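Colleague: Need a 3D model of the sequence below.
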Amino acid sequence: MAHSKSALKRHRQSLKLREANKSRITAAKSAVRKARESLAEGKRDEAEAAVREASSVLDRAAQKGVVHKNNASRRKARLARMLNTGVPQKATPAKRRRTTKTK
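Modeller: Take a look at the predicted model:
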């Protein structure tokens, strides 16, 4: 545990910030989930509003530094692509790394 006054204060600040960030992350995930669900159900008007709301929430999270701006942009682009094509996109699998054996 921290010993100096400034380290103790910094720890208190980090706990408060963590709570705030947690709520922003949760709000972003919920907005994206709601948009995906309305897209999957085929409700066009509701889906447009949900995608617009999700984009706004993701932008705010990126502005506050909760998620990286490219991460937010990527998520918004995927939602927009789903909205425009009408086809839900599956997440692409991560590339497998080659492992080399060392002797």
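
Colleague: Pull the number of nearby residues for Ala80.
Modeller: Using other CB atoms under 10 Å, Ala80 is surrounded by 15 other residues. C-beta: built from backbone N, CA, C; applies to glycine.

Colleague: how near is it to Thr102?
Modeller: 45 Å (CB to CB, to the nearest Å).

Colleague: I'd guessed Leu58 sits against Ala28; true?
Modeller: Yes. With contact defined as CB atoms under 8 Å, Leu58 reaches Ala28; the gap is 5.5 Å.

Colleague: what sits in contact with each of those two?
Modeller: Contact criterion CB atoms under 8 Å, 6 or more residues apart in numbering; residues shared by Leu58 and Ala28: 67, 72.

Colleague: Who has more neighbours out of these two?
Modeller: Neighbour tally, Leu58 and Ala28, criterion other CB under 10 Å: the higher count belongs to Leu58, 26 against 22.

Colleague: dump the residue contacts of the more buried one.
Modeller: Counting by CB under 8 Å, 6+ apart, Leu58 makes contact with 28, 31-32, 67, 72, 75-76.

Colleague: one more time with 7 Å, if that's ok
Modeller: 28, 72, 75-76 (CB atoms under 7 Å, 6 or more residues apart in numbering).

Colleague: any weak-confidence spans in the protein?
Modeller: 88-95, 103 (pLDDT under 70).

Colleague: What are the phi and psi values at the closest residue to His11 other than its chain neighbours?
Modeller: With sequence-adjacent residues excluded and distances taken as CB to CB, 6 or more residues apart in numbering, His11 is closest to Ala2, at 5.3 Å. Backbone torsions of Ala2, given as degrees, to the nearest 10, read phi -70, psi 150.

Colleague: State the distance from Ala2 to Gln63.
Modeller: In terms of CB to CB, Ala2 sits 30 Å off from Gln63.

Colleague: same check, this time on Ser56
Modeller: Counting by CB to CB, the gap from Ser56 to Gln63 is 11 Å.
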